[in-house]
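Asks: coordinates only, no sequence provided:
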């Protein structure tokens, strides 16, 4: 049972009621819980979260390296439930998944290591070391570095919504954002 109850549909604003009723919306528990956020913030937070999936320029497997790194550091079982599933659908190996879990990034590719190390340092220390930033810049443009920062921030926020609210893990994991769109 969640630490904070999910909002009641009758108590939602018309904007949120329309969102909940819109075709194509899978109402994950974290999305339901986030409906507690005041409308102005909710609208923008929701748009930013959706953009990390629908408008990201980052390679999907690398994005999952980033998200799983945030989830492990944040101890977010909810995020891990969904994003391990997505990573497996994208072909991530068990060795890579274990590396992200343990923080021993040796088995990852150079690009994956650069993303994981950059993400870990941003989450833990706010700023990456000069060496980590230099390594990330060898692989990614400056705009991509800032896209990574935005995605890190969204998933850190999501982990905290989950942690504060205690929202339950959904019955079925997301395995692919493309599959989610096709179901709707």
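Replies: Happy to help now that I have it. Bear in mind the structure is a predicted one, so any value in this text is a computation, not a measurement. Residues are numbered from 1 along each chain as shown.

Asks: for stretch 43-58, which outside residues touch it?
Replies: Here stretch 43-58 makes contact (CB atoms under 8 Å, 6 or more residues apart in numbering) with 15, 19, 31, 34, 37, 63, 66, 143-144, 147-148, 150-151, 154-155, 157-158, 177. Any C-beta I mention is one placed from the backbone N, CA and C, and that applies to glycine too.

Asks: one more pass at 7 Å, please.
Replies: 34, 37, 63, 144, 147, 148, 151, 154, 177 (CB atoms under 7 Å, 6 or more residues apart in numbering).

Asks: list buried residues within these.
Replies: Buried by 16 or more other CB atoms under 10 Å: 34, 37, 63, 144, 147, 148, 151, 154, out of the contacts of stretch 43-58.

Asks: reformat those residues as TSV; add pLDDT.
Replies: Below are the buried ones among the contacts of stretch 43-58 laid out as TSV (pLDDT from 0 to 100):
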residue	pLDDT
34	96
37	96
63	98
144	98
147	98
148	98
151	98
154	97
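
Asks: quick check, nearest of the residues you listed to residue 131?
Replies: Set against residue 131, the nearest of those by CB to CB is residue 148 (16.6 Å).

Asks: and the helix or strand containing that closest one, what's buried?
Replies: Using DSSP states H and E, residue 148 maps to helix 142-165. Within helix 142-165, the residues scored as buried using 16+ other CB under 10 Å are 144, 147-148, 151-152, 154-156, 158-159, 161-162, 165.
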